[in-house]
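# Provide a 3D model corresponding to the input given below.
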Amino acid sequence: MKLSNFRVVITGASSGIGAATAIAFAREGAQLVLGARGQEGLEDIARRCRAAGAAATDFGIVDVTDAAAVATFARDARDALGGIDLWFSDVGIGVVGKYQEVPIADHQRVIESNLVGHMNEVHAVLPVYLEQDHGIWVNMISVGGFVASPYAAAYSASKFALRGFSEALRGELKDHPRIHVCDVYPTFVDTPAIYHAGNYTGARLSFPPGALDPERVAEAVVALARRPRATTAVGAPALLMRLAQFVTPISKVMDGFMDVWSKQAAHAPDTSGSLYAPPRGASGVRSGVRSGRESESAQHAQPHSALVVGAALAGALVGLQLLRRRD
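Numbering: from 1, shown residues only. Next up is the predicted model:
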(Lines give C-alpha, C1' and ligand atoms only; values in the text may rest on other atoms or scores of the structure.)
Protein backbone atom coordinates (compact mmCIF):
# COMPACT_ATOMS: atom_id res chain seq x y z
CA MET A 1 0.00 0.00 0.00
CA LYS A 2 1.50 3.30 -1.10
CA LEU A 3 1.32 6.16 1.38
CA SER A 4 0.30 8.74 -1.21
CA ASN A 5 -0.46 12.10 0.43
CA PHE A 6 0.17 10.64 3.91
CA ARG A 7 0.94 13.70 6.06
CA VAL A 8 4.29 13.40 7.84
CA VAL A 9 6.30 15.71 10.10
CA ILE A 10 9.92 14.86 10.90
CA THR A 11 12.22 16.68 13.29
CA GLY A 12 15.96 16.14 13.18
CA ALA A 13 15.38 15.80 9.43
CA SER A 14 18.53 17.49 8.14
CA SER A 15 20.79 14.43 8.41
CA GLY A 16 21.10 10.78 9.35
CA ILE A 17 18.03 8.72 10.21
CA GLY A 18 15.67 11.69 9.97
CA ALA A 19 16.93 12.50 6.47
CA ALA A 20 16.77 8.87 5.34
CA THR A 21 13.22 8.59 6.67
CA ALA A 22 12.14 11.77 4.90
CA ILE A 23 13.45 10.41 1.59
CA ALA A 24 11.78 7.03 2.23
CA PHE A 25 8.40 8.70 2.82
CA ALA A 26 8.97 10.88 -0.25
CA ARG A 27 9.30 7.76 -2.38
CA GLU A 28 5.87 6.73 -1.08
CA GLY A 29 4.38 10.02 -2.31
CA ALA A 30 3.85 11.43 1.18
CA GLN A 31 3.43 15.11 2.04
CA LEU A 32 6.28 16.26 4.26
CA VAL A 33 7.15 19.02 6.67
CA LEU A 34 10.75 18.78 7.85
CA GLY A 35 12.26 20.47 10.90
CA ALA A 36 15.82 20.96 12.19
CA ARG A 37 18.18 23.73 13.33
CA GLY A 38 20.30 23.97 10.18
CA GLN A 39 18.90 25.61 7.05
CA GLU A 40 21.50 24.25 4.63
CA GLY A 41 20.91 20.69 5.74
CA LEU A 42 17.13 21.08 5.49
CA GLU A 43 17.34 22.59 2.03
CA ASP A 44 19.50 19.68 0.89
CA ILE A 45 17.11 17.01 2.19
CA ALA A 46 14.01 18.86 0.98
CA ARG A 47 15.53 18.92 -2.50
CA ARG A 48 16.23 15.18 -2.32
CA CYS A 49 12.65 14.53 -1.17
CA ARG A 50 11.19 16.45 -4.09
CA ALA A 51 13.40 14.50 -6.47
CA ALA A 52 12.26 11.25 -4.84
CA GLY A 53 8.60 11.99 -5.54
CA ALA A 54 7.15 13.65 -2.43
CA ALA A 55 3.63 14.96 -3.02
CA ALA A 56 4.70 18.13 -1.22
CA THR A 57 7.71 19.16 0.84
CA ASP A 58 8.08 22.09 3.22
CA PHE A 59 10.52 22.76 6.04
CA GLY A 60 11.03 25.02 9.02
CA ILE A 61 13.94 25.97 11.25
CA VAL A 62 13.20 24.83 14.80
CA ASP A 63 15.12 24.04 17.96
CA VAL A 64 13.05 21.44 19.81
CA THR A 65 14.34 22.65 23.19
CA ASP A 66 12.25 25.83 22.66
CA ALA A 67 8.68 24.82 23.54
CA ALA A 68 7.11 27.94 22.05
CA ALA A 69 9.01 27.47 18.79
CA VAL A 70 7.92 23.82 18.59
CA ALA A 71 4.29 24.80 19.17
CA THR A 72 4.49 27.33 16.34
CA PHE A 73 6.20 24.78 14.09
CA ALA A 74 3.43 22.24 14.80
CA ARG A 75 0.68 24.75 14.01
CA ASP A 76 2.39 25.73 10.77
CA ALA A 77 2.83 22.07 9.82
CA ARG A 78 -0.83 21.28 10.52
CA ASP A 79 -1.94 24.26 8.45
CA ALA A 80 0.40 23.37 5.58
CA LEU A 81 -0.67 19.71 5.49
CA GLY A 82 -4.31 20.07 6.54
CA GLY A 83 -3.64 17.71 9.45
CA ILE A 84 -0.86 15.38 10.64
CA ASP A 85 -0.92 11.61 10.28
CA LEU A 86 2.55 10.80 11.62
CA TRP A 87 5.09 12.81 13.61
CA PHE A 88 8.60 11.41 13.85
CA SER A 89 10.64 12.80 16.78
CA ASP A 90 14.19 12.07 15.67
CA VAL A 91 16.27 14.76 17.36
CA GLY A 92 19.16 13.25 19.30
CA ILE A 93 22.58 14.46 20.39
CA GLY A 94 25.31 13.07 22.60
CA VAL A 95 28.44 13.94 24.51
CA VAL A 96 31.16 11.38 25.23
CA GLY A 97 33.42 11.40 28.27
CA LYS A 98 33.67 10.56 31.96
CA TYR A 99 30.72 12.21 33.68
CA GLN A 100 32.78 14.50 35.91
CA GLU A 101 35.04 15.56 33.02
CA VAL A 102 32.18 16.82 30.83
CA PRO A 103 30.86 20.35 31.52
CA ILE A 104 27.53 20.16 33.32
CA ALA A 105 26.05 22.52 30.73
CA ASP A 106 26.75 19.90 28.06
CA HIS A 107 25.00 17.20 30.10
CA GLN A 108 22.02 19.52 30.51
CA ARG A 109 21.94 20.22 26.79
CA VAL A 110 21.75 16.48 26.02
CA ILE A 111 18.80 16.08 28.40
CA GLU A 112 17.08 19.16 26.99
CA SER A 113 17.42 17.94 23.39
CA ASN A 114 16.88 14.19 23.77
CA LEU A 115 14.18 14.20 26.45
CA VAL A 116 12.61 17.63 26.94
CA GLY A 117 12.69 18.28 23.19
CA HIS A 118 10.65 15.13 22.50
CA MET A 119 8.26 16.08 25.28
CA ASN A 120 7.84 19.52 23.69
CA GLU A 121 7.01 17.87 20.37
CA VAL A 122 4.34 15.60 21.84
CA HIS A 123 2.83 18.51 23.76
CA ALA A 124 2.53 20.38 20.47
CA VAL A 125 1.14 17.58 18.28
CA LEU A 126 -1.11 15.74 20.73
CA PRO A 127 -3.91 18.37 20.58
CA VAL A 128 -3.95 17.88 16.79
CA TYR A 129 -4.26 14.12 17.22
CA LEU A 130 -7.00 14.43 19.82
CA GLU A 131 -8.97 16.76 17.56
CA GLN A 132 -8.54 14.37 14.61
CA ASP A 133 -8.99 11.31 16.85
CA HIS A 134 -6.10 9.64 15.08
CA GLY A 135 -2.33 9.99 14.65
CA ILE A 136 0.99 8.22 15.08
CA TRP A 137 3.87 9.55 17.17
CA VAL A 138 7.16 7.79 16.47
CA ASN A 139 9.72 8.23 19.22
CA MET A 140 13.35 7.57 18.24
CA ILE A 141 15.08 6.07 21.27
CA SER A 142 17.88 3.51 20.59
CA VAL A 143 19.32 0.46 22.27
CA GLY A 144 20.61 3.01 24.79
CA GLY A 145 17.11 2.97 26.25
CA PHE A 146 17.83 -0.54 27.56
CA VAL A 147 21.62 -0.70 27.93
CA ALA A 148 23.37 1.99 29.99
CA SER A 149 26.45 3.56 28.40
CA PRO A 150 29.37 4.56 30.62
CA TYR A 151 31.09 7.62 29.13
CA ALA A 152 27.61 8.75 28.01
CA ALA A 153 25.73 9.14 31.28
CA ALA A 154 23.44 11.97 30.16
CA TYR A 155 22.67 10.17 26.90
CA SER A 156 21.74 7.03 28.84
CA ALA A 157 19.58 9.04 31.22
CA SER A 158 17.72 10.65 28.33
CA LYS A 159 17.07 7.37 26.52
CA PHE A 160 15.91 5.47 29.62
CA ALA A 161 13.62 8.41 30.40
CA LEU A 162 12.20 8.49 26.87
CA ARG A 163 11.18 4.87 27.20
CA GLY A 164 9.33 5.61 30.44
CA PHE A 165 7.75 8.71 28.92
CA SER A 166 6.32 6.69 26.03
CA GLU A 167 4.93 4.04 28.36
CA ALA A 168 3.22 6.71 30.45
CA LEU A 169 1.68 8.30 27.35
CA ARG A 170 0.29 4.97 26.21
CA GLY A 171 -1.46 4.63 29.53
CA GLU A 172 -3.00 8.08 29.24
CA LEU A 173 -4.17 7.42 25.68
CA LYS A 174 -5.81 4.06 26.37
CA ASP A 175 -9.23 5.52 25.50
CA HIS A 176 -7.97 6.72 22.10
CA PRO A 177 -7.16 3.52 20.21
CA ARG A 178 -6.47 5.37 16.95
CA ILE A 179 -3.67 7.43 18.51
CA HIS A 180 -0.47 5.40 18.63
CA VAL A 181 2.81 5.88 20.51
CA CYS A 182 5.57 3.95 18.74
CA ASP A 183 9.14 3.54 20.02
CA VAL A 184 12.05 2.66 17.73
CA TYR A 185 15.19 1.04 19.17
CA PRO A 186 18.03 0.72 16.64
CA THR A 187 21.49 -0.45 17.55
CA PHE A 188 24.36 1.69 16.24
CA VAL A 189 23.76 3.46 12.91
CA ASP A 190 26.16 4.92 10.34
CA THR A 191 25.15 8.61 10.31
CA PRO A 192 26.89 12.01 10.35
CA ALA A 193 26.25 12.10 14.12
CA ILE A 194 29.77 10.69 14.34
CA TYR A 195 30.95 14.25 13.65
CA HIS A 196 28.32 16.09 15.69
CA ALA A 197 28.70 14.66 19.21
CA GLY A 198 30.63 16.39 21.97
CA ASN A 199 33.81 14.58 22.94
CA TYR A 200 35.85 14.93 26.14
CA THR A 201 37.70 11.64 26.05
CA GLY A 202 40.88 13.01 24.52
CA ALA A 203 40.64 10.25 21.90
CA ARG A 204 39.30 9.91 18.40
CA LEU A 205 36.14 7.79 18.28
CA SER A 206 35.07 5.46 15.50
CA PHE A 207 32.17 3.21 14.64
CA PRO A 208 32.15 -0.33 16.05
CA PRO A 209 31.68 -3.11 13.48
CA GLY A 210 28.20 -3.82 12.18
CA ALA A 211 26.79 -0.29 12.06
CA LEU A 212 23.35 -0.23 10.43
CA ASP A 213 22.56 1.75 7.31
CA PRO A 214 20.16 4.59 8.20
CA GLU A 215 17.88 3.46 5.38
CA ARG A 216 17.17 0.28 7.35
CA VAL A 217 15.87 2.31 10.28
CA ALA A 218 13.90 4.50 7.88
CA GLU A 219 12.16 1.41 6.50
CA ALA A 220 11.11 0.48 10.03
CA VAL A 221 9.61 3.93 10.60
CA VAL A 222 7.72 3.85 7.30
CA ALA A 223 6.37 0.42 8.26
CA LEU A 224 4.84 1.98 11.39
CA ALA A 225 2.73 4.24 9.18
CA ARG A 226 1.05 1.09 7.87
CA ARG A 227 1.03 -0.93 11.07
CA PRO A 228 1.70 1.03 14.28
CA ARG A 229 3.11 -0.92 17.20
CA ALA A 230 4.56 0.03 20.55
CA THR A 231 8.09 -1.39 20.21
CA THR A 232 10.25 -1.77 17.11
CA ALA A 233 13.81 -3.03 17.48
CA VAL A 234 16.23 -2.65 14.57
CA GLY A 235 19.53 -4.50 14.50
CA ALA A 236 18.94 -6.78 17.51
CA PRO A 237 15.92 -8.63 18.96
CA ALA A 238 13.86 -6.54 21.35
CA LEU A 239 13.90 -9.40 23.86
CA LEU A 240 17.72 -9.33 23.96
CA MET A 241 17.61 -5.59 24.62
CA ARG A 242 15.18 -6.05 27.48
CA LEU A 243 17.18 -8.88 29.02
CA ALA A 244 20.52 -7.10 28.66
CA GLN A 245 19.54 -4.37 31.12
CA PHE A 246 19.31 -6.97 33.90
CA VAL A 247 22.85 -8.29 33.38
CA THR A 248 24.70 -6.31 36.06
CA PRO A 249 28.30 -6.66 34.79
CA ILE A 250 27.53 -4.88 31.50
CA SER A 251 28.17 -1.32 32.68
CA LYS A 252 31.36 -2.35 34.48
CA VAL A 253 32.66 -4.24 31.46
CA MET A 254 31.76 -1.31 29.23
CA ASP A 255 33.49 1.20 31.50
CA GLY A 256 36.66 -0.89 31.52
CA PHE A 257 36.55 -1.17 27.74
CA MET A 258 36.18 2.60 27.36
CA ASP A 259 39.00 3.27 29.83
CA VAL A 260 41.40 1.12 27.83
CA TRP A 261 40.20 2.44 24.48
CA SER A 262 40.53 6.11 25.45
CA LYS A 263 44.19 5.58 26.34
CA GLN A 264 45.04 3.71 23.14
CA ALA A 265 43.05 5.58 20.47
CA ALA A 266 44.48 8.46 18.44
CA HIS A 267 44.45 11.76 20.32
CA ALA A 268 41.81 14.41 19.65
CA PRO A 269 41.05 17.76 21.35
CA ASP A 270 37.95 18.33 23.47
CA THR A 271 34.91 19.68 21.65
CA SER A 272 31.25 20.38 22.35
CA GLY A 273 30.44 19.33 18.78
CA SER A 274 27.09 20.61 17.57
CA LEU A 275 25.41 20.65 20.97
CA TYR A 276 24.72 24.38 20.83
CA ALA A 277 24.65 25.17 17.11
CA PRO A 278 23.83 23.19 13.97
CA PRO A 279 26.73 21.81 11.93
CA ARG A 280 27.87 23.89 9.00
CA GLY A 281 26.75 22.81 5.56
CA ALA A 282 24.68 19.82 4.52
CA SER A 283 25.40 16.64 6.49
CA GLY A 284 23.57 14.13 4.34
CA VAL A 285 22.34 10.70 5.33
CA ARG A 286 25.49 8.68 6.13
CA SER A 287 28.83 9.50 7.72
CA GLY A 288 30.89 8.30 4.75
CA VAL A 289 33.40 6.66 7.10
CA ARG A 290 32.82 3.08 5.98
CA SER A 291 33.01 4.01 2.30
CA GLY A 292 36.15 6.07 2.88
CA ARG A 293 34.36 9.26 1.82
CA GLU A 294 33.50 11.69 4.58
CA SER A 295 30.25 13.64 4.48
CA GLU A 296 30.31 17.33 3.78
CA SER A 297 29.85 18.14 7.45
CA ALA A 298 32.88 16.02 8.29
CA GLN A 299 35.07 18.32 6.26
CA HIS A 300 34.25 21.11 8.68
CA ALA A 301 33.86 19.14 11.92
CA GLN A 302 36.23 17.48 14.33
CA PRO A 303 36.48 13.94 12.86
CA HIS A 304 36.64 12.19 16.19
CA SER A 305 33.13 12.43 17.59
CA ALA A 306 30.98 9.29 17.49
CA LEU A 307 27.92 7.61 18.91
CA VAL A 308 28.57 5.49 21.97
CA VAL A 309 25.41 3.45 21.52
CA GLY A 310 27.18 0.85 19.43
CA ALA A 311 29.89 0.44 21.98
CA ALA A 312 27.21 0.04 24.63
CA LEU A 313 25.69 -2.86 22.76
CA ALA A 314 29.14 -4.35 22.24
CA GLY A 315 29.67 -4.06 25.98
CA ALA A 316 26.37 -5.78 26.57
CA LEU A 317 27.29 -8.67 24.33
CA VAL A 318 30.73 -8.94 25.94
CA GLY A 319 29.08 -9.02 29.35
CA LEU A 320 26.74 -11.79 28.28
CA GLN A 321 29.65 -13.78 26.87
CA LEU A 322 31.60 -13.38 30.09
CA LEU A 323 28.65 -14.70 32.04
CA ARG A 324 28.48 -17.75 29.77
CA ARG A 325 32.17 -18.43 30.31
CA ARG A 326 31.80 -18.01 34.07
CA ASP A 327 28.91 -20.49 34.07
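
# what comes up buried for stretch 138-155?
Across stretch 138-155, burial judged by 16 or more other Cβ atoms under 10 Å covers 138-155. Bear in mind the C-beta positions are built from the backbone N, C-alpha and C, glycine included.

# what about Glu167, distance to Ile141?
Applying Cβ to Cβ, to the nearest Å, the value for Glu167 to Ile141 is 11 Å.

# which parts of stretch 170-184 are buried?
173, 179-184.

# for Thr187, see how far away Gly97 is.
From Gly97 to Thr187 the distance is 22 Å (Cβ to Cβ).

# check Ser142 too.
As judged by Cβ to Cβ, Ser142 and Thr187 stand 8 Å apart.

# what about the buried residues of stretch 138-155, which are in strands?
138-140 (DSSP state E).

# how about a markdown table for the residues you listed, with pLDDT and distance to Gly29 added?
Shown next, in a markdown table, are those (pLDDT from 0 to 100; distance: Cβ to Cβ, whole Å):
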| residue | pLDDT | distance to Gly29 |
| --- | --- | --- |
| Val138 | 98 | 19 |
| Asn139 | 97 | 25 |
| Met140 | 96 | 23 |
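
# tell me which of those is nearest to Glu121?
When those are ranked by distance to Glu121 (Cβ to Cβ), Asn139 comes first, at 9.1 Å.

# ok, the closest one - contacts?
89, 118, 162, 165-166, 181-184 (Cβ atoms under 8 Å, 6 or more residues apart in numbering).

# which of those fall in strands?
Cross-referencing these against strands under DSSP E gives 89, 181-184.

# returning to what we had before: what's the closest of the ones in strands among the buried residues of stretch 138-155 to Ala19?
Met140 (12.7 Å).

# what's near enough to touch that closest one?
If you count contacts by Cβ under 8 Å, 6+ apart, Met140 has them with 12, 17, 88-92, 184.

# what is the helix or strand where Ala168 lies packed up against?
Using DSSP states H and E, Ala168 falls within helix 153-172. If you count contacts as 3 or more Cβ pairs under 8 Å, 6 or more residues apart in numbering; DSSP states H and E, helix 153-172 packs onto helix 104-111, helix 117-132, strand 135-140, strand 179-186.
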